[in-house]
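>>> What would the 3D arrangement of this be:
(one chain, ligands or ions: 2)
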Amino acid sequence: MGKIGVIGAGKWGEALSYALSEKNEVIITSRTSRPWPNFRALDEVLKCEYLVIAIPAQQIAQWLKEHFVFSGQKILVAAKGIEASSGRFLNDIYKEYVPEENLAFLSGPSFAVEVMKKLPTALVVNSLSKDTSGEFAAFFPSFIRTYTSEDVIGAEIAGAYKNVIAIAAGICEGLSLGHNAAASLIARGLVEMERFGRAYGATQESFLGLSGAGDLFLTASSSMSRNYRVGLGLAQGKDKDTICIEIGEVSEGIGTAYALHEIAQERGIYLPIASEVYAILEGKSPRQSLKDLIER
Ligand SMILES: NC(=O)C1=CN([C@@H]2O[C@H](COP(=O)(O)OP(=O)(O)OC[C@H]3O[C@@H](n4cnc5c(N)ncnc54)[C@H](OP(=O)(O)O)[C@@H]3O)[C@@H](O)[C@H]2O)C=CC1
Ligand SMILES: O=C(CO)COP(=O)(O)O
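Ligands and ions are numbered 1, 2, ... in the order given. Predicted coordinates:
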């Protein structure tokens, strides 16, 4: 099969490069060089017909502006988040540079460390073009089952929103609120993200399947999730900057909570859990948030 270029060699870019190498020739690049045999300069990677981009949502607009040159590539976006500074979805950011039929978005429950161990995983490749989603889906190795969908907005919202609910779930665990509270939070979180998605024309199917419920159950129930660990830190009274330094990897739920707050204000959408996560990130006491959610 053809040559694939991965851009962004963090945890997820590295895992995808590793997995996709089973059936394809893969080269990878990143802002910081790595001593890997398939690591190349950006210029060379940009010439690949298929690109997988794993640069986080908060950094991608600037990166595209400074580095990206479109020459017909098809792109699989691997990040999950909403730009905090503008409230823009990744699809809106990318489509300034790439025709929508060349864009696909990856979703579903997938901790990078488990992909690196070749553990069974199921993912969704979402694109408005069935050709594009089908081509990317076929690149994945035997231990990853891929599905395709045309609900780009649903997959994007589900992947981004679940990170915010995962922060709330980490707070719930950090405050020792128990299994009843954790299950209720996850269930109400799913309802909340589906309602938000509906306002943008997303289908319910994306929220009930791998992109929504699947990824939410994963990240909102495990300290392997960086976003869940942000919640654990907030429950201990730490501020978000200290927590981010301690984690040392991206936690997209933070920027996304700020983006959701802006969108909710602008469009008058009711987002009770995301609003409390935003407030806690801004310094509100988690116990006060709990009281406000329960006594509502
Ligand atoms: N880890 C996981 O299990 C999964 C992650 N994701 C999503 O994938 C995305 C990336 O996550 P992950 O790889 O884990 O994060 P990491 O923190 O491990 O890596 C972040 C990556 O982004 C690059 N980067 C950061 N800032 C910039 C910038 N200003 N310009 C260019 N590159 C930059 C870093 O480059 P460098 O290191 O070279 O400096 C690095 O490659 C996130 O949106 C995340 O939600 C999705 C599914 C699973
Ligand atoms: O999206 C993920 C798994 O599907 C990774 O979640 P975290 O970024 O919270 O670790």
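>>> Going by residue numbers, what spans are helices in the stretch 1-150 of the chain?
Assigned by DSSP state H, counting those that start in this stretch, the helices in the stretch 1-150 of the chain fall at 11-20, 42-46, 57-67, 90-94, 112-116, 130-139.
>>> hmm, the third one touching ligand 1?
Yes. Judged by Cβ under 6 Å from any ligand atom, helix 57-67 comes into contact with ligand 1 at Ala57, Gln59, Trp63. For glycine as for every other residue, the C-beta is placed from the backbone atoms N, C-alpha and C.
>>> Dump stretch 202-213 to PDB, keeping only the CA atoms.
Only the C-alpha atoms of stretch 202-213 are listed here, as PDB (Å, rounded to 0.1, in the frame of the first residue of the first chain):
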ATOM      1  CA  ALA A 202     -24.900  15.400  14.500                       C
ATOM      2  CA  THR A 203     -26.600  11.900  14.400                       C
ATOM      3  CA  GLN A 204     -27.500  10.100  17.600                       C
ATOM      4  CA  GLU A 205     -25.800   7.000  16.300                       C
ATOM      5  CA  SER A 206     -22.300   8.600  16.700                       C
ATOM      6  CA  PHE A 207     -23.000   9.200  20.400                       C
ATOM      7  CA  LEU A 208     -24.400   5.800  21.100                       C
ATOM      8  CA  GLY A 209     -21.500   4.000  19.400                       C
ATOM      9  CA  LEU A 210     -17.700   4.000  19.500                       C
ATOM     10  CA  SER A 211     -17.200   7.700  19.000                       C
ATOM     11  CA  GLY A 212     -19.400   8.800  21.800                       C
ATOM     12  CA  ALA A 213     -20.300   6.200  24.500                       C
END
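>>> Other residues contacting stretch 251-271?
Contacts made with stretch 251-271 from outside it, assessed by Cβ atoms under 8 Å, 6 or more residues apart in numbering, are listed as 56-58, 79-84, 86-87, 160-161, 163-164, 166-167, 192, 195-196, 199, 226-227, 229-230, 240, 243-244, 274-275, 277-278, 281.
>>> Out of the helices of the stretch 1-150 of the chain, which one sits most buried?
Among the helices of the stretch 1-150 of the chain, judged by mean count of other Cβ atoms under 10 Å, the one packed with the most neighbours on average is helix 11-20 (a mean of 22).
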